[in-house]
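# got a predicted model here, sequence first, then my questions.
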Amino acid sequence: MGTKSRNYYLIPYVLWIALFVVAPILLVLYYSFFNIEGHFTLENYKKFFTPVYLKMTFSSFWYAFLITFFTFIIAYPTAYLLTKTKHKQLWLLLIIVPSWINLLLKAYAFIGIFGTYGAANKFLEAMGVGGKQILFTDFSFVFVSVYIFLPFMILPIFNALNDLNPSLIDASNDLGASPLTTFKRVIFPLTLDGVKAGCQIVFIPALSLFMLTRLIAGNRVITLGTAIEQHFLVTQDWGMGATIAVFLIIAMVIIMLLTGKRKSGMLR
Amino acid sequence: MTDKTIIRFQQVTKQYDNDPAVLDNVSFEIERGKFYTLLGPSGCGKTTILRLIAGFIEPSDGNIYFNGKKVNQLPANKRQVNTVFQDYALFPHLNVFENVAFGLRIKKMKSNIVEQKVKEALRFVNLEGYENREIREMSGGQRQRVAIARAIVNEPEVILLDEPLSALDLKLRTEMQYELRELQRNLGITFIFVTHDQEEALAMSDEIFVLNNGKIEQSGNPNDIYDEPINRFVADFIGESNIVSGTMLEDYVVKFTGKTFECVDGGFHPNEDVEIVIRPEDLEITKPQDGKLQVKVDSQLFRGVHYEISCYDNDGNEWLVHSTKKATVGENIGLHFESEAIHVMRYDETEEDFDKRLEAYEEGSHGN
């Protein structure tokens, strides 16, 4: 009876996957072959390979890379310090709490802070640097994105570091490795899976960011996410929007494969 | 301190915050080329000594000397010492070859020399041909060997072994005891071995330190420690013991269980209260009238090599006997023992006084 009853438990899961994962992807694929008048066409795919869209793709990847890079640069040392503190679970919780707040709320908060009369400019004036245009710049876009994604990168890295057997670090020191060498040869390679998971969690959503591009970057940054939104909601060209989405999905799958866990030992 | 001395602890104390000291004012010397064992129950401070020698922790008080130089603050990576860890601590992301080569690569040795040395080290621990295996493909005993190879390949002056055999099954453990002892003799370097297993300690060591509560209770070669335990703790911890209280009427005459016996211990005050140790294997079962002690058999266990027979005398003292002959439960028997089998222990005697007394009164006795 074992396998049979187990199969019944799978029904909700299969239904969910079919309705909310497989069906939408198929629909997106289907719509990508129709133009704005509803005729079957391959025009959309041709159009994607024109400079306008290629530039958009490149800029999406570039910003996603920047965001992932800076998030990583901040997250790794933070996670490392966290594992050394006495009440590490409490500190971790404090870092995670902001991720429970709605993304839009946080975006609006930053509009207030970075605005012309916001706290950031007040501070700069007080320092004698003078007011600057902060909002609607690349800087503010990357800054706010990093802020939002940070907890998602810290968590897997923290877990990887926390699971690291401390006697491996002793062993490395014992064999003559300085703290820096120990980090390079033991700690970092052994937490690489956490780093990969963190990069995946940040890079993929960063590829299709669109609310922040408008609210914080003031539409100066056009990513694929923004383009999809525009096509579906503004120009009503669902076909082109779907085509971009198809490429975005392909890109995400490739990234997942690249950053996936590989269980073989490191070979030189 | 002689030029044979390689490590010296001078009144070393290790204490965390305001907790009681893990290691309390400990002094000892380690000589080059010998096999040392730190023996004691868990929490006695033996692993702390090892970590102090390795440089993972610093002493709270006192000094540690290595080759005559003070090394209190010298970090672990600058010490001529390598450790075999209890859980082996092999790097899971590297294969067997790279694990063993780790220390050599840190020293930036040429790759052909690295290869030669690693192969040699693996041959030493009987792991030729395992170079490209992943650690997770290796059994417990093999990992143990990799850990040893990883330590010896660096040609350190001292190898520290932190209960490396505790995770192995009995048969493999006995095998590894022989191998480790052999390896130490062949390499000629100092081994400092930590264990809570007294049989392991007796079988392998040149020198044993028995530790309890952060202090060294007794040190010496296995025979001395087994035959002449300094106090109740050592007698009880090393091997099986019958311990009863008695009175030293005068030198070489001791009274216990209401009877007077000749013995070979001296250097006591007249009528001093003492403790008596007689090992179970030194007791021989006789007819009641022929024995020096008359006891009643309470229970009996078959241990393979011998029977372990538990008896009680009229005063309620338990006497454990190891005998190849079977006894009958409930039977009255006599126990015979030689006067050399009686070992007398003073209460609260320091190791120094104990050694002095033994030296003065031991001539012609059973010690060796």
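All right, it came through fine.
# show me where chain B has helices.
Along chain B, counting by DSSP state H, helices occupy B:46-54, B:96-106, B:111-124, B:140-152, B:170-187, B:198-204, B:222-227, B:232-237, B:351-361.
# and the longest helix seen in chain A, which residues are buried?
As far as residue count goes, and with DSSP H defining each element, the longest helix of chain A is helix A:51-84. Along helix A:51-84, the positions that meet the burial threshold by neighbour count (16 or more other CB atoms under 10 Å in any protein chain shown) are A:53, A:56-57, A:60-61, A:63-64, A:66-68, A:70-72, A:74-76, A:78-79, A:82-83. In this view, the C-beta of every residue, glycine as well, is placed from N, C-alpha and C.
# look up how far residue B:295 lies from residue B:316.
When CB to CB, to the nearest Å is applied, the distance between residue B:316 and residue B:295 equals 11 Å.
# returning to what we had before: I'd like the next helix or strand past the longest helix of chain A.
Downstream of helix A:51-84, the next assigned helix or strand under DSSP states H and E is helix A:88-96.
# any idea how far the following helix or strand past that next one is from the chain center?
Stepping forward along the backbone from helix A:88-96, the first helix or strand reached (DSSP H and E) is helix A:103-114. Relative to the centre of its chain, helix A:103-114 is centred 19 Å away, using CA atoms, centre = their mean, to the nearest Å.
# which outside residues touch helix A:103-114?
The set of residues that contact helix A:103-114 without belonging to it, under CB atoms under 8 Å, 6 or more residues apart in numbering or on different chains, is A:98, A:118-121, A:134-135, A:140, A:144, A:147-148, A:211-212, A:215-216.
# also stretch B:354-362?
Under the criterion CB under 8 Å, 6+ apart, residues B:218, B:228, B:230, B:251, B:264-267, B:346, B:349, B:367 lie in contact with stretch B:354-362.
# thinking again about what came up before, in helices, which of the contacts of helix A:103-114 appear?
When helices are assigned by DSSP H, the members of the contacts of helix A:103-114 inside them are A:119-121, A:140, A:144, A:147-148, A:211-212, A:215.
# which ones among those residues also lie next to chain B?
Restricting the ones in helices among the contacts of helix A:103-114 to those touching chain B (CB under 8 Å from any CB of the partner chain) yields no residues.
# show me how to select, in PyMOL, the buried members of the residues you listed.
The following PyMOL selection, which keeps only the buried ones among these, applies the criterion 16+ other CB under 10 Å:
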select buried, chain A and resi 120+121+140+144+148+212+215
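# which non-adjacent residue is nearest residue A:167?
Nearest in space to residue A:167, with sequence neighbours left out and distances taken as CB to CB, 6 or more residues apart in numbering or on different chains, is residue B:89 at 4.1 Å.
# so which of the contacts of stretch B:354-362 is the closest to residue B:208?
Nearest to residue B:208 among the contacts of stretch B:354-362: residue B:218, at 8.1 Å, using CB to CB.
# which stretches of the chain have low pLDDT?
No chain was given, so I picked chain A. By pLDDT under 70, the weakly predicted segments of chain A are A:1-4, A:261-268.
# please go with chain B instead
For chain B, the stretches with pLDDT under 70 are B:1-2, B:362-368.
# who are the packing partners of the longest helix of chain A?
If you count contacts as 3 or more CB pairs under 8 Å, 6 or more residues apart in numbering or on different chains; DSSP states H and E, helix A:51-84 packs onto helix A:88-96, helix A:138-163, helix A:192-207, helix A:224-229, helix A:238-259.
# distance to residue B:308 added to those, as JSON lines?
JSON lines is the format used below for these (distance: least, CB to CB, whole Å):
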{"stretch": "helix A:88-96", "distance to residue B:308": "50"}
{"stretch": "helix A:138-163", "distance to residue B:308": "45"}
{"stretch": "helix A:192-207", "distance to residue B:308": "53"}
{"stretch": "helix A:224-229", "distance to residue B:308": "78"}
{"stretch": "helix A:238-259", "distance to residue B:308": "62"}
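# who has more neighbours, residue B:316 and residue B:295?
Neighbours around residue B:316 and residue B:295, counted as other CB atoms under 10 Å in any protein chain shown, are more numerous at residue B:295. The numbers are 25 against 6.
# excluding its backbone neighbours, what's nearest the more buried one?
Closest residue to residue B:295 in three dimensions, ignoring its sequence neighbours and counting by CB to CB, 6+ apart: residue B:311, at 3.8 Å.
# the one you found and chain A: what is the separation?
The gap separating residue B:311 from chain A is 47 Å, by CB to the nearest CB, to the nearest Å.
# and what of residue B:271?
54 Å.
# contacting residues for the residue nearest to that residue when sequence neighbours are not counted?
Excluding its sequence neighbours, the residue lying closest to residue B:271 (CB to CB, 6+ apart) is residue B:247, at 5.9 Å. The contact partners of residue B:247, taken as CB under 8 Å, 6+ apart, are B:254-256, B:271-274.
# buried among the residues you listed? Need that as a selection in ChimeraX.
In ChimeraX syntax, the buried subset of the contacts of residue B:247 is picked out as below (16+ other CB under 10 Å):
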select /B:254,256,272,274
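# so which of the contacts of residue B:247 is the closest to residue B:187?
Here the nearest of the contacts of residue B:247 to residue B:187, counting by CB to CB, is residue B:274; it sits at 43.5 Å.
# let me see the contact set for that closest one.
In this structure, residue B:274 makes contact with B:245-248, B:254, B:268, B:344-347, judged by CB under 8 Å, 6+ apart.
# might one say that residue A:177 is in contact with residue B:75?
No. At 10.5 Å, residue A:177 and residue B:75 do not qualify as touching, with contact defined as CB atoms under 8 Å.
# looking at these two, which one has more neighbours?
Per other CB under 10 Å, whichever of residue A:177 and residue B:75 has more neighbours is residue A:177, with 22 against 13.
# I'd guess that one is in a strand, am I close?
No. Secondary structure assignment (DSSP: H, G, I helix; E, B strand; the rest coil) places residue A:177 in coil, not in a strand.
# which residue packs closest to it, ignoring adjacent ones?
Closest residue in space to residue A:177, ignoring its immediate chain neighbours: residue B:106 at 5.0 Å, by CB to CB, 6+ apart.
# residues from the stretch 101-250 of chain A in reach of chain B?
Residues of the stretch 101-250 of chain A lying near chain B (CB under 8 Å from any CB): A:165, A:167-168, A:170-178, A:181, A:185-186, A:189-190.
# among these, name the buried ones.
Here the buried ones among these, as counted with 16+ other CB under 10 Å, turn out to be A:167-168, A:170-177, A:181, A:185-186, A:189-190.
# now stretch B:204-213, how far from the chain's geometric center?
Taking CA atoms, centre = their mean, one finds stretch B:204-213 lying 4 Å from the centre of the chain it belongs to.
# again, but for stretch B:350-357
In terms of CA atoms, centre = their mean, the centre of stretch B:350-357 is set 19 Å apart from its chain centre.
# export only the CA atoms of it, formatted as PDB.
The C-alpha coordinates for stretch B:350-357 follow below in PDB (Å, rounded to 0.1, in the frame of the first residue of the first chain):
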ATOM      1  CA  THR B 350      53.000  14.600  47.000                       C
ATOM      2  CA  GLU B 351      54.600  12.900  44.100                       C
ATOM      3  CA  GLU B 352      58.000  14.300  45.100                       C
ATOM      4  CA  ASP B 353      57.800  12.900  48.700                       C
ATOM      5  CA  PHE B 354      56.500   9.600  47.300                       C
ATOM      6  CA  ASP B 355      59.400   9.200  44.900                       C
ATOM      7  CA  LYS B 356      61.900  10.000  47.600                       C
ATOM      8  CA  ARG B 357      60.400   7.600  50.100                       C
END
